[in-house]
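Asker: Mind looking at a prediction? Sequence and model below.
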Amino acid sequence: MTLADKLEEAWRESDQSAGVETQTIEGEIFLIKKLLREDSEFFIEFFLADALDMPVPEFHKEIWGLLTDQDKERILLAIPRDHAKTTLAKLVVIWYWLFSSHRFCVYLSNTAPIAKGACRDIIEFLSHPNFIEIYGKVKIIKQSENEGLWVFDLPLGEGRFKRCILRGLGQGQQMRGINIDNQRPDIAVVDDVEDNENTESELQQKKLDRWMFGPFLKALARKKKILWLGNMLAKTSLLARLSRSVRWNPVVFGCLVKDAATGALEPLWPGKWSVPALQEDFKEYKENGLVETWMCEMMNMPGHGENGFTADLINYQAAPTPGDLAATWISVDPAFGEKATNDETCVAVHGIPKDGRCPMTLEIFHGRIDEHEMFRRILEFANKWDAWVWGIEAVAAQKVLITLFNVLLTNARLQNRATMLPLLAGRGDPKIGRIKAFVSLMANGEWAIPDDDIDLTAQILEFDFRKSDQLDDIVDGTAYGPAMMEQFMAIISAVASQGSFEIDSTARVGMEVASV
């Protein structure tokens, strides 16, 4: 039985005047109040039952748990656009009124009309039949749409009421007179307070910073709760900067998450978004030159700019079909490192289109996998794209992997089918140089990546030249694609025309070709 079913059953029992004892009704009401306090799904369904057309997603339950953590004074959440963050922000105000000592909420948005609209929704939630059935009717003491102010007595049951205050404000608004009944706001909801105007202009950004940390925060009560929700519109936005401060207890959500077991990308909200739908959404932004905007709004990943790469450097094109390629090859970057920043294997297939377009990366897999799963992924790409030149990075692993893969190819009756090239990167750490060269090729229109790619794009935009430990397995593994083309085009061409290539010599040209 679902929580909604339990609630409906409780109401049916409470409506039956004959044969139902008062004690039973009170017990059902007690159970409902207990569920409202402790169960996020129940609370959301209680107020939104008529509007919900899908189950409450798991990440909403996670967000609710973060928002209702009473041990933390400040909570900052970066949540993708169109993922119902404002709905959760409005509902959690009611939760704090019901189940904490907080009673004066100031609701801050980018403009006063938006904030006032959110406040009206909160008041309407308190008029929901479900709420009235369990708690009773709210007694409005003062209501001023012009001021964005509501003062009312909130019923708590058993004849008890709590005087609550709700005030809606727009950023930069005059804070004088915010005190009501000698009470300062003790809970602040900051909901999408920034927009493109005040994040793109340094002057406007500083103006917002001064107002937030001056008049606004200083107007709150000494014992307060601050719930900040929004999108990272730019790396200079206040939300982005505060997300790096432990004092704000930040949690950042992206619209795509990676399955811990398989490494596959999955939507944060599967009931509303599918991976293809997000890819189409991304492509629309990309076609209008708004890759960085999409990464900010949907993934909360603003680019580094001066410390890394910007979105305008990335060259996208539609991937051709396997039959429309003149040559194909695969780069494999195994992950055997112990650090969290290098724990993913990257398998990427690359090709040269027959129609004269520039070479490109065609498809990428990345994830935490063992050697046998790695072989399965490589073979899957090889069969799909007719890609039988495999470059395998890492001196410590290549002898083991090439020997193992030869055995597995023999078992699959594909002996001598693949040409495997152990890739020696040379002395030092040429990773940054290889990645820079890869992005430079794209900037010059000499290399491309699939026009629906999100994961590689995210890692390119997050890359920071100053950091030694960062998530770069995908971009590093993919960057071997053009490096292989530069060094081994003769082998790639021979395999494309003959189907195989016999290695009988060794060449040292930054990377090494060898027979193992």
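Answerer: Sure, I can see it.
Asker: Quick one: list the elements packing against the lengthiest helix in the chain.
Answerer: Ranked by residue count under DSSP state H, the longest helix found in the chain is helix 473-498. Applying 3 or more CB pairs under 8 Å, 6 or more residues apart in numbering; DSSP states H and E, we find helix 473-498 packed against strand 325-333, strand 345-353, strand 360-367, strand 389-393, strand 419-423, helix 431-443, helix 455-462. Every residue, glycine included, has its C-beta placed from N, CA and C.
Asker: Make CSV from those and add mean neighbour count and distance to Ile226 to it.
Answerer: Conversion of these to CSV gives the following (neighbours: other CB atoms under 10 Å; distance: least, CB to CB, whole Å):
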stretch, mean neighbour count, distance to Ile226
strand 325-333, 24, 43
strand 345-353, 25, 40
strand 360-367, 23, 37
strand 389-393, 25, 47
strand 419-423, 24, 51
helix 431-443, 17, 39
helix 455-462, 22, 27
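Asker: Select, out of the ones you listed, the one closest to Val246.
Answerer: Evaluated over the helices and strands packed on helix 473-498, closeness to Val246 peaks at helix 455-462, with 20.0 Å, by CB to CB.
Asker: Give me the distance from the closest one to the chain's centre.
Answerer: Centroid separation for helix 455-462 versus its chain: 12 Å, with CA atoms, centre = their mean, to the nearest Å.
Asker: Extract the CA atoms of it and return them as PDB.
Answerer: Extracted as PDB, the C-alpha positions of helix 455-462 are listed here (Å, rounded to 0.1, in the frame of the first residue of the first chain):
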ATOM      1  CA  ASP A 455      30.100  13.800 -20.700                       C
ATOM      2  CA  LEU A 456      33.300  14.700 -22.700                       C
ATOM      3  CA  THR A 457      32.100  18.300 -23.000                       C
ATOM      4  CA  ALA A 458      31.700  18.500 -19.200                       C
ATOM      5  CA  GLN A 459      35.200  17.300 -18.600                       C
ATOM      6  CA  ILE A 460      36.700  19.600 -21.100                       C
ATOM      7  CA  LEU A 461      35.000  22.600 -19.600                       C
ATOM      8  CA  GLU A 462      36.000  21.500 -16.100                       C
END
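Asker: same for it, what does it pack against?
Answerer: helix 291-299, strand 360-367, helix 473-498.
Asker: can we see that at 7 Å?
Answerer: Where contact means 3 or more CB pairs under 7 Å, 6 or more residues apart in numbering; DSSP states H and E, helix 455-462 is packed against helix 291-299, helix 473-498.
Asker: Quick one: mean pLDDT for stretch 160-178?
Answerer: Averaged across stretch 160-178, pLDDT comes to 90.
Asker: May I see the buried residues of that stretch?
Answerer: Burial within stretch 160-178, assessed by neighbour count using 16 or more other CB atoms under 10 Å, is assigned to Cys164, Ile165, Leu166, Arg167, Gly168, Leu169, Gly170, Gln171, Gly172, Gln173, Met175, Ile178.
Asker: and Ala319, what is it in contact with?
Answerer: With contact set as CB atoms under 7 Å, 6 or more residues apart in numbering, Ala319 has these partners: Leu362, Pro450.
Asker: what about it, which SS state?
Answerer: Following DSSP: H, G, I helix; E, B strand; the rest coil, Ala319 is assigned to coil.
Asker: for Leu414, same thing?
Answerer: Per three-state DSSP, Leu414 ends up coil.
Asker: any idea how far His372 is from it?
Answerer: Distance of Leu414 to His372, given as CB to CB, to the nearest Å: 15 Å.
Asker: quick one, which of the two is more surrounded?
Answerer: Taking neighbours as other CB atoms under 10 Å, Leu414 and His372 compare with Leu414 leading, 15 against 11.
Asker: re the thing from before, out of the buried residues of stretch 160-178, who's nearest Gly433?
Answerer: Nearest member of the buried residues of stretch 160-178 to Gly433, counting by CB to CB, is Gln171, at 44.1 Å.
Asker: so what's the closest one closest to, chain neighbours aside?
Answerer: Nearest residue to Gln171, sequence neighbours excluded (CB to CB, 6 or more residues apart in numbering): Val193, at 4.9 Å.
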